[in-house]
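A.B. asks: need a 3D model of the sequence below.
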Amino acid sequence: MAMIGFIGLGNMGGPMARNLLKAGHKLRAFDVVKANLDAVVSAGAVAAKNAADAAKGCEIVVTMLPAGEHVRSVYTGEGGVIAAADKGSLLIDSSTIDVESARAVAAAADKAGFAMLDAPVSGGVAGAEGATLTFMVGGPDAAFQRGLPILQAMGKNIVHAGAAGNGQAAKICNNMILGVAMIAVSEGFLLAEKLGLEAQKLFDIASKSSGQCWAMTSYCPAPGPVPTSPANRGYKAGFTTAMMLKDLTLAQRAAAAAGVATPMGALAQSLQSLNAASGQADLDFSSIFKMLRGTK
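C.D. replies: Numbers count the residues shown, from 1 in each chain. Reported below is the predicted structural model:
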């Protein structure tokens, strides 16, 4: 079992850290929010004073942070992880951030003699709690093999996407597809409603036809057809509108930098921005159905 430093213990990081403890690993943990830290300490982790303190004496350092600027600061800032970690430590960042930041931090780690993986996740809070997350991993082959047992304690599907930054690339491309698909499904069910076709009837047909997709069959935005979807619990978030908007924005920044036209992705970003501004930022991103429908 490994000694792991874990930095960032929010809605995703907290359950992930607890799953590492359940797997028998030892944790030195830190979060700027005391309540988040206390919850993981009560599960068996040792509290660290700051990010640098969490990294000291650990074989592995895992981070789950809000944005690229936080990742850059925690790793490369004065007194950051790269400066404080023991030589030979493996660094794993599971934040969802821009590809440029992921590659810049990985390059800084490599220059300092550390192997690093970018390993963003899919699966939401439920996946984090149930240790069923999908990890999309970028970084060297040897580092991936070394980190695999750690990631397997937190997730079910671990995919090596290639070189540094490719994990982030996979995450934002996947979520752009999902964001566009959710809007298309919402529009289909709204049109059916206006045409007098019941949601369940459309679901029974489309879920077995060419319109079939995950956004429909597992996460249907119309109340009724999929009992476990957020639509049937008041759109309580599994993945918030704010988080989807963040990922769509990252995708648009990456598309601009790469010179790639993604008009549907741009439209999805615009619509989810309106959805967030309408007061649904903390609801599930499938609440776009409500906004398009014009209901509260």
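
A.B. asks: which one's the longest strand in this structure?
C.D. replies: strand 155-162 (DSSP state E).

A.B. asks: which elements pack onto that one?
C.D. replies: Using 3 or more CB pairs under 8 Å, 6 or more residues apart in numbering; DSSP states H and E as the contact criterion, the secondary-structure elements in contact with strand 155-162 are strand 133-138, helix 141-152, helix 166-194. Quick note: C-beta positions are derived from backbone N, CA and C, even for glycine.

A.B. asks: for these, which one sits closest to residue 53?
C.D. replies: Evaluated with CB to CB, the helices and strands packed on strand 155-162 place helix 141-152 nearest to residue 53, the distance being 20.1 Å.

A.B. asks: got the angle between that closest one and strand 133-138?
C.D. replies: An angle of 170 degrees separates the directions of helix 141-152 and strand 133-138 when computed by axes from the mean of the first three to the mean of the last three CA atoms, to 10 degrees.

A.B. asks: buried set for helix 141-152?
C.D. replies: Applying a neighbour-count criterion of 16 or more other CB atoms under 10 Å, the buried positions in helix 141-152 are 143, 144, 146, 147, 150, 151.

A.B. asks: now render those residues as JSON lines, adding pLDDT and distance to residue 281.
C.D. replies: Formatted as JSON lines, those follow (pLDDT from 0 to 100; distance: CB to CB, whole Å):
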{"residue": "143", "pLDDT": "98", "distance to residue 281": "36"}
{"residue": "144", "pLDDT": "98", "distance to residue 281": "35"}
{"residue": "146", "pLDDT": "97", "distance to residue 281": "38"}
{"residue": "147", "pLDDT": "98", "distance to residue 281": "33"}
{"residue": "150", "pLDDT": "98", "distance to residue 281": "32"}
{"residue": "151", "pLDDT": "98", "distance to residue 281": "30"}
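
A.B. asks: ranking the helices and strands packed on strand 155-162 by mean neighbour count, which comes first?
C.D. replies: For those, average neighbour numbers computed from mean count of other CB atoms under 10 Å are highest in strand 133-138, which has a mean of 25.

A.B. asks: so for it, mean pLDDT?
C.D. replies: Mean pLDDT, strand 133-138: 98.

A.B. asks: stretch 98-108 too?
C.D. replies: The average pLDDT for stretch 98-108 rounds to 97.

A.B. asks: doesn't residue 61 make contact with residue 7?
C.D. replies: Yes. The criterion here is CB atoms under 8 Å, and residue 7 meets it with residue 61 at 7.2 Å.

A.B. asks: what do the two both touch?
C.D. replies: Counting by CB atoms under 8 Å, 6 or more residues apart in numbering, the contacts common to residue 7 and residue 61 are 54, 55, 81.

A.B. asks: what does the host helix or strand of the first one contact?
C.D. replies: It stands for residue 54. With elements delineated by DSSP states H and E, residue 54 resides in helix 51-55, which encompasses its position. The list of residues contacting helix 51-55 from outside it, by CB under 8 Å, 6+ apart, reads 5-7, 28-30, 48, 61, 74, 79-81, 83-86, 89.

A.B. asks: now, those that are in strands?
C.D. replies: The strands, defined by DSSP E, take in 5, 6, 7, 28, 29, 30, 61 from these.

A.B. asks: count the residues that sit near the fourth one.
C.D. replies: Right, the one you point to is residue 28. Residue 28 is flanked by 21 other residues according to other CB atoms under 10 Å.

A.B. asks: same question for the third one.
C.D. replies: A count of nearby residues for residue 7, using other CB under 10 Å, gives 30.

A.B. asks: sorry, back to before: now do the longest strand of the chain and helix 141-152, the angle between them.
C.D. replies: Put simply, strand 155-162 runs at 160 degrees to helix 141-152, going by the same axes, to 10 degrees.

A.B. asks: report the angle between strand 155-162 and helix 166-194.
C.D. replies: Comparing the axes of strand 155-162 and helix 166-194 via the same axes, to 10 degrees yields an angle of 120 degrees.

A.B. asks: pop the domain breakdown of this structure in here.
C.D. replies: Here the domain parsing of the chain from automatic domain parsing is 3-163, 169-293.

A.B. asks: pick the most buried one from those domains.
C.D. replies: Between the domains of the chain, the one whose residues have the most neighbours on average, counting mean count of other CB under 10 Å, is domain 3-163 (a mean of 20).

A.B. asks: any idea how far it is from the chain center?
C.D. replies: Between the mean C-alpha point of domain 3-163 and the mean C-alpha point of its chain there is a distance of 13 Å (CA atoms, centre = their mean, to the nearest Å).
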